[in-house]
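> Fold the following and give me the result.
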Amino acid sequence: MQHRLVIVDPSHASSVGHHDEVNRQLLEALIKAGWQAELWADVALEAESNSPQPLLGVFSGCGYEDPRHWSELGGMVNLGRRLEGQLQQASRADKPVAVWLGHSLLPFQLLGLARHLATAPAARVLLSLMFAPQESFSYASNEDQATANCRVALAALARATAQQGHELQLAFPSRQQETLYAPLLAATGLKSGGIHPAVVGAGCQPQPPAPGAGPQVLLHWGDLKAGKGREAALALLQTVLEQGLPASLSGWGWLFHSHSKTGLSSSERLLLERAEAAGLALEWLQGPITSQELVNRLACCPVALLAYDPVRYGRRSSGMLWHWAASRMAVERAAVGVGYATGWLAAEAEELGLPWLSPGASDGGAWLAAVALAAERLDACPIANSYAAAILGCTFAQWCSDCLARA
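Residues are numbered from 1 along each chain as shown. Have a look, this model is predicted:
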């Protein structure tokens, strides 16, 4: 008899973003391993023409919306109760869940799950704590309050586990996250289950760059949310149009991809159109791209501009860093990253053994100079340290499947 496994992802509401990719991979790997796996996501996902299956639309108003609400303790409790109610409504006593699996859950979502688990039959609970305890999705963050909220959620999880006899495993996508959580785990009596592979990108199998194909600089990939470096990429292109290319970038191309609920402004589109017309070997891709095409493209980019805001991404992991680094490692090619000197990305690049260059300023000329220097320093050494192998060498889905296969 197959055992039922539920992936809990209240923030998966559309095919845009990393949630769709990781959940598709999880469903495929877990079903292949013999689990009766299903995804419980936002009800809006059911309207997608190509939504992942099996899917149950369970959640509404329990995603990433309105961080002002969930960052306060009262708001977190209110939303946690809402999520708990939706879980209770979706659960059926005649079909007990053997495994609850979660990733990318914010404190209020952890709290809602914990409250549900406090009355649910004993099960295995496998959780990846993707977000730092201080995360607020805001510049004006109250880190002390956010951390306190996270502690409340973890304490509720500990109580539910002890009360119902659940087998809980908490794991982390980086050493940075594990270190940030250590005091909270100690305070709530929980333990770390260690580091797991990157949630996206890890274990990918891109096609090697075609012989004779010119290298590309990754300028931008994915959605157009604030803080993901779009402004730096466009400023760099503006500088190239005005001043020309440095010698070290002669023969290089540029890759810019956009796929987002929000579109580029008219001035941004005009700049990209001018760059295309100027013969800069700019590839401007728009719309959804398959996971395989994504990694194939990234494998052709020895240099990546990852100018993610160092405040917003001070402690937040980046799926693009993982995707790009894993793609280059898989084809055994060198890679050099360009971004701000501080924040999660810079620190993670150092952990991965990935060269990381930062400009002295944040204007287009400074970013172009940093990218040109990265091209000069590119060598034949692939990412190869043991941490990179652990984080990027195996898929998160396979790791989850292997964990659950162990008694």
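> which residues touch residue 56?
38-41, 90 (Cβ atoms under 8 Å, 6 or more residues apart in numbering). No exception for glycine: its C-beta is placed from N, CA and C like everyone else's.
> For it, give me phi and psi.
phi -130, psi 120 (degrees, to the nearest 10).
> pLDDT score for it?
The model reports residue 56 with a pLDDT of 97.
> in the protein, which spans are strands?
Ranges of strands in the chain, per DSSP state E, are 4-8, 36-42, 55-59, 99-103, 124-128, 167-172, 192-195, 216-220, 253-258, 282-286, 303-305, 336-338, 356-357.
> these two touch, right, residue 246 and residue 368?
Yes: assessed by Cβ atoms under 8 Å, residue 246 is found in contact with residue 368 at 7.0 Å.
> Which one of these two is surrounded by more residues?
The residue with more neighbours, out of residue 246 and residue 368, is residue 368; 25 against 16, by other Cβ atoms under 10 Å.
> what sits against the more buried one?
Going by Cβ under 8 Å, 6+ apart, the list of residues near residue 368 reads 236, 239-240, 243, 246.
> what's the average pLDDT for the longest helix seen in the chain?
When the chain is parsed with DSSP state H, its longest helix is helix 143-164. Helix 143-164 shows an average pLDDT of 96 in the prediction.
> so what pLDDT did the residue nearest to residue 128 when sequence neighbours are not counted get?
Nearest non-adjacent residue to residue 128, counting by Cβ to Cβ, 6 or more residues apart in numbering: residue 103, 4.0 Å away. Predicted confidence (pLDDT) for residue 103: 96.
> returning to what we had before: can I get the strands of the chain in a markdown table with distance to residue 231?
Compiled in a markdown table, the strands of the chain are given as follows (distance: least, Cβ to Cβ, whole Å):
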| stretch | distance to residue 231 |
| --- | --- |
| strand 4-8 | 35 |
| strand 36-42 | 30 |
| strand 55-59 | 33 |
| strand 99-103 | 29 |
| strand 124-128 | 31 |
| strand 167-172 | 31 |
| strand 192-195 | 33 |
| strand 216-220 | 10 |
| strand 253-258 | 13 |
| strand 282-286 | 16 |
| strand 303-305 | 11 |
| strand 336-338 | 14 |
| strand 356-357 | 18 |
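> Looking at those strands, which one is packed in the most?
Burial of those is given as mean neighbour count (mean count of other Cβ atoms under 10 Å); strand 303-305 ranks first at a mean of 28.
> Would you agree residue 352 is in contact with residue 383?
Yes: between residue 352 and residue 383 there is a contact at 5.8 Å, judged by Cβ under 8 Å.
> So which of the two has more stuff around it?
residue 352 (26 against 23).
> which one is the more buried one nearest to, not counting chain neighbours?
Closest to residue 352 by Cβ to Cβ, 6+ apart is residue 388, at 4.4 Å.
> Please tell me the pLDDT value assigned to residue 15.
pLDDT, residue 15: 84.
> Apart from its chain neighbours, what residue comes closest to it?
Closest to residue 15 by Cβ to Cβ, 6+ apart is residue 48, at 5.5 Å.
> can you pull the pLDDT of that neighbour?
At residue 48, pLDDT is 92.
> Next one: it from residue 302, what distance?
35 Å (Cβ to Cβ, to the nearest Å).
> Neighbour count for the two, which is higher?
For residue 48 and residue 302, the more surrounded residue by other Cβ under 10 Å is residue 302, and the numbers stand at 20 against 15.
> Confirm for me that that one is in contact with residue 378.
Yes: using Cβ under 8 Å, residue 302 makes contact with residue 378 at a distance of 5.3 Å.
> what residues are shared contacts of those two?
334, 336.
> Not counting its neighbours along the chain, what's nearest residue 203?
residue 395 (3.6 Å).
> quick one: contacts for the one you found?
25, 29, 197, 202-204.
> again, 10 Å this time
Taking Cβ atoms under 10 Å, 6 or more residues apart in numbering, we find residue 395 in contact with 22, 25-26, 28-29, 197-205, 326, 401.
> and the gap between it and residue 217?
27 Å.
> Repeat that for residue 131.
Residue 131 is 30 Å from residue 217, by Cβ to Cβ.
> Counting neighbours, what do you get for residue 293?
Residue 293: 14 neighbours (other Cβ under 10 Å).
> Next, the contact list for it, please.
Contacts of residue 293 by Cβ under 10 Å, 6+ apart are 206-207, 257, 285.
> Likewise for residue 161?
Neighbours of residue 161 in contact, by Cβ under 10 Å, 6+ apart: 114, 117-118, 122, 125, 167-168, 189-190.
> which of those lies closest to residue 330?
residue 125 (31.6 Å; Cβ to Cβ).
> mind listing what the closest one touches?
Counting by Cβ under 10 Å, 6+ apart, residue 125 has contacts 8, 97, 99-102, 113-114, 117, 157, 160-161, 164, 166-170.
> same check, this time on residue 62
Contacts of residue 62 (Cβ under 10 Å, 6+ apart): 10-11, 13, 42, 70, 79-80, 82-87, 106, 108-109, 112.
> Now, of the residues you listed, which are buried?
Buried by 16 or more other Cβ atoms under 10 Å: 10-11, 13, 42, 70, 79-80, 82-84, 86-87, 106, 108-109, 112, out of the contacts of residue 62.
> all helices of the protein, in order?
Using DSSP H, helices in the chain cover 18-32, 67-70, 73-90, 107-117, 143-164, 175-188, 230-243, 266-277, 291-298, 319-330, 344-352, 364-377, 386-392, 396-405.
> can you put those in JSON lines and add distance to residue 212?
JSON lines is the format used below for those (distance: least, Cβ to Cβ, whole Å):
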{"stretch": "helix 18-32", "distance to residue 212": "31"}
{"stretch": "helix 67-70", "distance to residue 212": "48"}
{"stretch": "helix 73-90", "distance to residue 212": "53"}
{"stretch": "helix 107-117", "distance to residue 212": "49"}
{"stretch": "helix 143-164", "distance to residue 212": "50"}
{"stretch": "helix 175-188", "distance to residue 212": "39"}
{"stretch": "helix 230-243", "distance to residue 212": "24"}
{"stretch": "helix 266-277", "distance to residue 212": "23"}
{"stretch": "helix 291-298", "distance to residue 212": "16"}
{"stretch": "helix 319-330", "distance to residue 212": "18"}
{"stretch": "helix 344-352", "distance to residue 212": "29"}
{"stretch": "helix 364-377", "distance to residue 212": "18"}
{"stretch": "helix 386-392", "distance to residue 212": "27"}
{"stretch": "helix 396-405", "distance to residue 212": "34"}
